[in-house]
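Trainee: Fold the stuff below for me.
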Amino acid sequence: QVQLVESGGGLVAPGGSLRLTCVASGFWFENFGMNWFRQAPGKGLEWVAGIANGGVSRYYEDSVKGRFTISRDNEKNTLYLQMESLRPEDTAMYFCAKVDGYTWSKRIDRKGQGTQVIVSS
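Mentor: Just a heads-up that it's a prediction; the model follows:
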């Protein structure tokens, strides 16, 4: 079955960096687009970034453009999110998600349990 396991979250000061990792299993990873979502306390799920199956096409929510970079290693079945210049408003639980379908979209087929990111001094 599809499994997505995130790691790399933690407490970081404003302006700092973190790299999130999502290890995928149970499906043909290289065939599917992937996304990162986040959910801040008391708020709904927010799409953050996406990447098509080949890794060339990448998409970003406006507030993270220029600060976050999504990437993938299809040999390792792993998705990444490099986060730079972190702000307190980036504080959230971050989830990776498999796209529902072969064409990239924000539709979620499965998502992981999440990794917590806290940006605070």
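Trainee: At the geometric centre of the protein, which residue sits there?
Mentor: With distances taken as Cα atoms, centre = their mean, W36 lies nearest the centre of the chain, 2.6 Å away.
Trainee: so that residue sits in a strand?
Mentor: Yes - counting by DSSP: H, G, I helix; E, B strand; the rest coil, W36 is located in a strand.
Trainee: dump the residue contacts of it.
Mentor: 20, 22, 47-50, 70, 79, 81, 94-97 (Cβ atoms under 8 Å, 6 or more residues apart in numbering). C-beta here means a position set from N, CA and C on the backbone, and glycine is covered the same way.
Trainee: And it, how far from S121?
Mentor: For W36, the distance to S121 equals 24 Å [Cβ to Cβ, to the nearest Å].
Trainee: cool, and K76?
Mentor: On the measure of Cβ to Cβ, K76 and S121 end up 34 Å apart.
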